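Peer 1: with the sequence up front, the predicted model follows.
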Amino acid sequence: AMPQYHATEHININNWMLSLQQGDPATIRAFHHGMANLHKEFQSNCPKEHLDAFGYREEENIETLDETVRIGLNAFKEIFGFASETMIAPCYLWDNRLELAASQNGIRAFQGGTVQKIPTAIGFEKRRHYMGQKGKQGQRYFIRNCQFERVDNPTKDWVDSCLKDIEIAFRFKKPAIISTHR
């Protein structure tokens with residue numbers, strides 16, 4: 001397995017800064033604890049917790065999406081010694097602007113779930129993808145079809161569940177792409 005680009009940071013800095021400037025109590029409380037958010041639930045709410053690094057940006061007042069991607073991919077290459085050709089957007093949330101910026105910086109494929117979340121000013125829209133599908137910039141979509149996300153449910157038998165996902169993928173002659181954070 002090879003590392004791939006995920007983001008420069010797993011936070012939407014523009015919206016986080018805007019929340020701080022507007023005095024959002026939860027964001028201020030997290031800030032005083034040296035954190036970006038105080039995640040309290042099993043299921044993350046990426047936009048409310050500012051975890052959607054490539055999500056909708058109220059104002060491009062900190063850095064542009066193009067700049068973010070360029071800086072992140074250059075840092076990736078410097079750290080790992082090779083350029084990432086694939087990426088996965090935090091929270092599976094990205095739009096056509098990210099695909100263009102990524103394409104211009106050598107990204108040939110996106111990983112994600114079967115559903116891409118496209119950021120809007122009021123949340124997100126959903127777009128379904130299938131394994132190997134091509135996007136507008138010619139990049140392929142690779143679907144994470146096996147789950148090993150212990151943080152989502154610590155009592156679940158994730159090993160058995162993931163092995164069943166792998167078995168299903170192989171039965172349908174698909175690659176097993178495992179989603180895991182831990």
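Peer 2: Now that the structure is in, tell me what you want to look at. Numbering: from 1, shown residues only.
Peer 1: which elements pack onto the helix or strand residue 31 falls within?
Peer 2: Using DSSP states H and E, the secondary-structure element containing residue 31 is helix 25-32. Packing contacts for helix 25-32, counted by 3 or more C-beta pairs under 8 Å, 6 or more residues apart in numbering; DSSP states H and E, involve helix 13-21. C-beta: built from backbone N, CA, C; applies to glycine.
Peer 1: next, the buried residues of the helix it packs on.
Peer 2: Using 16 or more other C-beta atoms under 10 Å as the test for burial, helix 13-21 gives 13, 14, 15, 16, 17, 18, 19.
Peer 1: now it: average pLDDT?
Peer 2: For helix 13-21, mean pLDDT is 86.
Peer 1: and for stretch 36-54?
Peer 2: Mean pLDDT, stretch 36-54: 72.
Peer 1: next: stretch 118-135.
Peer 2: Mean per-residue pLDDT for stretch 118-135: 90.
Peer 1: need the contact list for the residue nearest to the spatial centre of the chain.
Peer 2: By C-alpha atoms, centre = their mean, the chain has its centre lying nearest to residue 90, at 1.6 Å. The neighbours of residue 90, taking C-beta atoms under 8 Å, 6 or more residues apart in numbering as the test, are 6, 7, 10, 46, 51, 52, 53, 54.
Peer 1: residues making contact with the helix holding residue 31?
Peer 2: Outside helix 25-32, the residues that touch it by C-beta under 8 Å, 6+ apart are 16, 19, 20, 36, 37, 38, 50.
Peer 1: which pair in those spans the largest distance?
Peer 2: The largest separation in these, counting by C-beta to C-beta, is between 20 and 38 at 13.9 Å.
Peer 1: quick one, strands of the protein?
Peer 2: Ranges of strands in the chain, per DSSP state E, are 86-88, 109-112, 115-120, 123-128, 140-143, 146-147, 178-179.
Peer 1: what does the first one contact?
Peer 2: To tie it back to what came earlier, the one meant is strand 86-88. 4, 5, 6, 102, 107, 108, 109, 110, 111, 112, 142, 144.
Peer 1: buried residues, it. List them.
Peer 2: Buried residues in strand 86-88, counted by 16+ other C-beta under 10 Å: 86, 87, 88.
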